[in-house]
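Colleague: Please find the sequence and the predicted model below.
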Amino acid sequence: MLGWTLREVSAALKQGQITPTELCQKCLALIKKTKFLNAYITVSEEVALRQAEESEERYKKGHSLGELDGIPVAVKDNFSTSGIETTCASNMLKGYIPPYNATVVQKLLDQGALLMGKTNLDEFAMGSGSTDGIFGPVKNPWSYSKQYREKRKQKPHGETEDSNWLITGGSSGGSAAAVSAFTCFAALGSDTGGSTRNPAAHCGVVGLKPSYGLVSRHGLIPLVNSMDVPGILTRCVDDAAVVLGVLAGHDCRDSTTVQDPVKPLTLPNLTDVSKLCIGIPKEYHVPELSSEVQSLWSKAAKLFESEGAKVIEVSLPHTRYSIVCYHVLCTSEVASNMARFDGLEYGHRCDINVSTEAMYAATRREGFNDVVRGRILSGNFFLLKENYENYFVRAQKVRRLIANDFVNVFNSGVDVLLTPTTLSEAVPYVEFIKEDNRTRSAQDDIFTQAVNMAGLPAVSVPMALSNQGLPIGLQFIGRAFCDQQLLTIAKWFEKQVQFPVIQLQETMDDCSSVFENEKLTSVSLKQ
Amino acid sequence: MAAPMLRGCCPGRRWALACIDHSSRHGRGAPTGSRCSGKRGQSSVAPQHLATAGKLRKGEHEWAAVVGLEVHAQISSNSKLFSGSQVHFVAPPNSLVSFFDASLPGTLPVLNRRCVEAAVMTGLAYSICVGAKRSQVINKTVRIKQIQLEQDSGKSLHDDLRSQTLIDLNRAGVGLLEVVLEPDMSCGEEAATAVRELQLILQALGTSQANMAEGQLRVDANISVHRPGEPLGVRTEVKNLNSARFLARAIDYEIQRQIRELENGGEILNETRSFDFKLGCTVPMRDKEGKQDYRFIPEPNLPPLLLYDSESLPAGADPQQVVNIDQIREQLPELPSVTREKLVQQYGMLPEQSLTLLNEVGLLEFFQNVIKETRAEPKKVTSWVLNTFLGFLKQQNLAVSESPVTPSALAELLDLLDRKAISSAAAKQVFRELWASEGKTPAQIISEKKLELMQDQEALEQLCQATLEEHPQVVMDVKKGNPRAINKLIGLVRKATLSRAEPAVIKEMLEKKLSS
């Protein structure tokens, strides 16, 4: 039952096949069993059980709050949760307990969802591997799947199996792993340059980045205010639509949310795609793209074509400037909005008290990792008076050009763009850390980042397993605020490709026992 | 973090003014300032400026001073610029702090509509007249470059004894109007007058209480000196001037300092200075507090703010979501310059009298209340309020609101005077009594002190007759044609009446008797 989709289990709750408390306990047990994945930073067991009890009462009385009532969900640890530690996987916020809920968290709770815990990430969501947080890397559940293990057995044994676990992608790797490993039915991620879609692709789940302005950012601890969007990770497209329906809408606490009333989101079953026009951006054919992803991408395009859709090549000529442009804008905004972390009002404060300035400096040195400090430094450099025009202002202009590329393509009659989400399937951790965070982020965000610059909705849908037995996802990009149309097309695609369910059950048991021992080593590594 | 986000006026636009425009000197976009000195006759104002500044030194007339101001006025608003926290002057530390004010991560700014409207309104009230000098009124243009909305900062309290710093965030995030005045001023007095006028405008608009003592109005002054005809000199900035008196003194000191420095072959550094009011001089501030690269970026969490007028207003726009300039224009209250004009027209006041009336907090209201309740002539009321009443206030250093004499009491007194129930001299005495013995009415004082004029003509005639008989020598002098002799007789009669008769009446009576 844990492998079911949100809507399936919701129906089961309604019919009384299972109670919210039973469901909650099953998930909690699985969270404990999969602790070695390191998907959760905080497991809010007590909160979840209390919420389950309340939900159970409602079901008994026949007053369920809707499809999310009694559904276990997880939330990335960069969303503020009232009374529950919110760390951003950083020493800076270790022990920080927000006094308020992020709007999206509040909306989930208002619908009766059960908060299982806060999921792991790269420190302050800066990364593409979920490997760079103070709580250690997240392990991809597919590393332990029957599908992957069987493929590996065919290969000659060179290395020990357990040292070859795969990364989840990031930065919302904890949320992706949590959904993928069946410990919850939906999870919140955040998406600034691909942080929801990238781990979704690597973990074989659906990852939705809604249009900028559709979902409130209030309470989401910012990375880049002008690009951040709360993301949704689920097991299927319909589930993502259910959650989006709950989260979307104006929030008086976030002035960038749109005022227009949001209609409830239900996705029709497309039967005919012949009136659709699918765009294939030619600039996304990059040399680094793995041949497997390339061929799946072509296969997907052919699938649409064979069903009568118009598939055309389109051009997004400024895409190639996206990485460097993002670098300038991201670091500049980071430098600005992270000035708040000074150790005064909340969070980490060092012991040095020679002067206020010395206190600030030491607090920030101790609180942030190298990646965060590096971005703050670069950002402050770009914002210096003598650099402002040349870097920040110029990057803003390039951003406009990148956004206009999309506008032009959509104006030419394209309904959605079809692209890869990632260059390849998930790589082993030992491979991943050979490059530094910055290089990795630059490479891995290549297909996802321009979307954030333009504020468009995009969704990664798992398509098939690679030769190694690992998930590969493709990305659909839609028109601004046409999230429903985007999801409708994604749902049709999902139905055609029939992505296989992860087979964890058999391997899980021996894994958890193996990792009982490994936990000790990883703890000592952290020090 | 506090990104300024509204530019109320186009740079260079004349917010200003002037009733009399010396505009030949104000080249567009190239403010030159007026000269404190120069060729005689070019400006009758100029020499007085240096006189105000005092300490005329050799060679000083060769210098011209240029002064520009940045005025920070706290906006009258119930809540802060970007958060819902209340705004109070006196509140326990850190009691008015929202999650946003404490910069909790994840909180976002929400723009306070009231603050935007206050900025627009202030931008619309575009007239400043710089003021009175001695007995003549000089009008001068001071242009407003721009108005910005800003947030106030928190307060650090340093406990040196325990070497601790305590922080109070009550003030953090309170909306400020930063009004940038072009360098159209040339001395401390002009600057102080411009600030006073701005203060009156803000108060009239209700956009700021602009109380300097409570820190609601703070001024930074940019000052430079140069030789007429030469490029502007290097400027210094004197920060945080929070009283009109210090503002004028600081500017005049700084002008003199710069001249002295240059004449001694030194150079002026582009630096930030503060005014030490105890020593009466400006001193350089620590570098850190001076020039800083703030590295501002446009606030990404607020959508662009568009101001509309009735013409550009999109059809079907939600009135709650837009600011309509025309609508605000309609709500504009009367501005001080208009009020003054009306006073001059309605009551035959001199322009400088109208200035004084507005410059003293509460004085105009006092005046108007007296006018309402008395039959006395407006000119008389003006003279009494501005000379007698204001004189007493100044002498005792009191505010209008602290006056022991109410408008009604003064009105009653002026009525009595108007009815000729008392003499002018007696009226002054009654006023003194009113001031000293709060609660008594003029009528009570008059009857207690027997100050009413003698209504009994016969008795007065008898006193006159008696005086004439008692002083034959003086009568002789009168008859010989000594014009002063009659005054002596008048004085004697007045004395005999205990000052309860008008000299004019006595004079008439005496003359009648002498000529008969």
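Modeller: That came through, no problem.

Colleague: So for the residue in the stretch 51-200 of chain A that chain B sits nearest to, what's the pLDDT?
Modeller: When distances are taken as C-beta to the nearest C-beta, the stretch 51-200 of chain A approaches chain B most closely through A:S80, which lies 4.6 Å from it. In short, each C-beta sits where N, CA and C put it, glycine included. Looking at A:S80, its pLDDT stands at 98.

Colleague: Is it in contact with A:R217, as I believe?
Modeller: No - using C-beta atoms under 8 Å, A:S80 is not in contact with A:R217; the gap is 10.9 Å.

Colleague: Which residues are in contact with each of those two?
Modeller: For the pair A:S80 and A:R217, residues contacting each of them under the criterion C-beta atoms under 8 Å, 6 or more residues apart in numbering or on different chains are B:G106.

Colleague: Give me the nearest residue to the closest residue to chain B within the stretch 351-500 of chain A, chain neighbours excluded.
Modeller: At 3.8 Å from chain B, A:L383 is the closest residue in the stretch 351-500 of chain A, using C-beta to the nearest C-beta. On the basis of C-beta to C-beta, 6 or more residues apart in numbering or on different chains, the spatially nearest residue to A:L383 that is not a chain neighbour turns out to be B:R295, at 3.8 Å.

Colleague: For that neighbour, identify the helix or strand it belongs to.
Modeller: Secondary structure from DSSP states H and E places B:R295 outside every helix and strand.

Colleague: sorry, back to before: enumerate every residue touching the residue of the stretch 351-500 of chain A closest to chain B.
Modeller: Counting by C-beta under 8 Å, 6+ apart, A:L383 makes contact with A:S332, A:A335, A:S336, A:F392, B:R295, B:F296, B:I297.

Colleague: Phi, psi for it please.
Modeller: With angles defined as degrees, to the nearest 10, A:L383 sits at phi -90, psi 0.

Colleague: Checking A:L108 next. Helix, strand or coil?
Modeller: Here A:L108 takes the helix state, with states given by DSSP: H, G, I helix; E, B strand; the rest coil.

Colleague: ditto for A:E366
Modeller: When the structure is split into helix, strand and coil by three-state DSSP, A:E366 lands in helix.

Colleague: Report how many residues lie close to it.
Modeller: Using other C-beta atoms under 10 Å in any protein chain shown, A:E366 is surrounded by 15 other residues.

Colleague: Leaving out chain neighbours, which residue sits closest to it?
Modeller: A:C350 (5.4 Å).

Colleague: now do A:R58
Modeller: Excluding its sequence neighbours, the residue lying closest to A:R58 (C-beta to C-beta, 6+ apart) is A:S64, at 5.4 Å.

Colleague: wait, that neighbour sits on A:I71?
Modeller: No - taking C-beta under 8 Å as the definition, A:S64 is not a contact partner of A:I71, at 10.6 Å.

Colleague: Compare neighbour counts for those two and give me the winner.
Modeller: Summary of the neighbour comparison: A:S64 and A:I71, criterion other C-beta under 10 Å, with A:I71 having more neighbours (28 against 19).

Colleague: residues contacting that one?
Modeller: For A:I71, the contact set (C-beta under 8 Å, 6+ apart) comprises A:L6, A:V9, A:S10, A:L13, A:L23, A:G112, A:A113, A:L114, A:F185, A:A186.

Colleague: quick one: which of those residues sit in strands?
Modeller: For the contacts of A:I71, the ones inside strands are A:L114, A:A186, with DSSP state E as the criterion.

Colleague: and the contacts of A:I71, which are buried?
Modeller: Members of the contacts of A:I71 that pass the buried threshold by neighbour count (16 or more other C-beta atoms under 10 Å in any protein chain shown) are listed as A:L6, A:V9, A:S10, A:L13, A:L23, A:G112, A:A113, A:L114, A:F185, A:A186.

Colleague: Would you confirm that the second one contacts A:F185?
Modeller: This means A:V9. Yes - the pair A:V9 and A:F185 passes the contact test of C-beta under 8 Å, sitting 6.0 Å apart.

Colleague: Ranking helices and strands of chain A by mean pLDDT, which lands last?
Modeller: Least confident helix or strand, chain A: helix A:505-526 with a mean of 50, by mean pLDDT, DSSP states H and E.

Colleague: Wait, A:L465 touches A:S145, no?
Modeller: No - if you go by C-beta under 8 Å, A:L465 and A:S145 don't touch, sitting 9.2 Å apart.

Colleague: neighbour-wise, which of those two wins?
Modeller: A:S145 (28 against 22).

Colleague: Doesn't B:T282 lie inside a helix?
Modeller: No - in this structure, B:T282 is strand, not part of a helix, as judged by three-state DSSP.

Colleague: need the contact list for it.
Modeller: With contact taken as C-beta under 8 Å, 6+ apart, B:T282 is in contact with B:T236, B:V238, B:A250, B:Y253, B:E254, B:R257, B:R273, B:S274, B:F275, B:D276.

Colleague: 10 Å - rerun?
Modeller: Counting by C-beta atoms under 10 Å, 6 or more residues apart in numbering or on different chains, B:T282 makes contact with B:221, B:223, B:236, B:238-239, B:241, B:249-251, B:253-254, B:257-258, B:273-276.

Colleague: Report pLDDT for it.
Modeller: What the model reports for B:T282 is a pLDDT of 93.

Colleague: what about the closest residue to it other than its chain neighbours, which helix or strand?
Modeller: Beyond its immediate neighbours in the sequence, the residue positioned closest to B:T282 (C-beta to C-beta, 6+ apart) is B:R273, lying 4.3 Å away. When secondary structure is defined by DSSP H and E, B:R273 falls within strand B:272-276.

Colleague: Starting from that strand, tell me which strands it pairs with and how they run.
Modeller: With DSSP bridges as the criterion, the sheet partners recorded for strand B:272-276 are strand B:236-241 (parallel), strand B:281-284 (antiparallel).

Colleague: What separation is there between the residue lying farthest from the centre of chain A and B:D160?
Modeller: Each residue of chain A has a distance to the centre, and by C-alpha atoms, centre = their mean the biggest one is for A:V354: 41.5 Å. Using C-beta to C-beta, to the nearest Å, A:V354 is found at 14 Å from B:D160.

Colleague: And the strands in the chain, which stretches?
Modeller: Reading this off chain A. A:40-43, A:72-76, A:114-119, A:186-191, A:206-209, A:229-234, A:277-281, A:310-314, A:416-420, A:458-465, A:471-477.

Colleague: ah, I was thinking of chain B
Modeller: Listed in chain order (using DSSP E), the strands of chain B are B:64-74, B:132-133, B:136-137, B:144-151, B:155-159, B:164-168, B:175-185, B:217-226, B:236-241, B:272-276, B:281-284, B:307-308, B:323-324.

Colleague: least reliable of the ones you listed going by mean pLDDT?
Modeller: For those, the weakest mean pLDDT is recorded on strand B:132-133, namely a mean of 40.

Colleague: Let me see the contact set for B:E511.
Modeller: Contacts were defined as C-beta under 10 Å, 6+ apart; by that measure B:E511 touches B:V478, B:I486, B:L489, B:I490.

Colleague: ok, back up a step: need the contacts of A:L383 in a markdown table with neighbour count, distance to A:S441 and pLDDT, can you?
Modeller: As requested, the contacts of A:L383 are exported to a markdown table (neighbours: other C-beta atoms under 10 Å in any protein chain shown; distance: C-beta to C-beta, whole Å; pLDDT from 0 to 100):
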| residue | neighbour count | distance to A:S441 | pLDDT |
| --- | --- | --- | --- |
| A:S332 | 26 | 16 | 97 |
| A:A335 | 20 | 17 | 97 |
| A:S336 | 24 | 19 | 95 |
| A:F392 | 22 | 19 | 97 |
| B:R295 | 19 | 23 | 91 |
| B:F296 | 13 | 26 | 90 |
| B:I297 | 22 | 21 | 93 |
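
Colleague: Mind picking the one among those residues that's closest to B:F89?
Modeller: Nearest to B:F89 out of the contacts of A:L383 is B:F296 (C-beta to C-beta; 28.4 Å).

Colleague: what's the neighbour count on residue 100?
Modeller: Using chain A. Taking other C-beta under 10 Å as the criterion, the count of residues near A:Y100 is 18.

Colleague: my bad, the chain I had in mind was chain B
Modeller: Here the number of neighbours of B:F100 (other C-beta under 10 Å) works out to 21.
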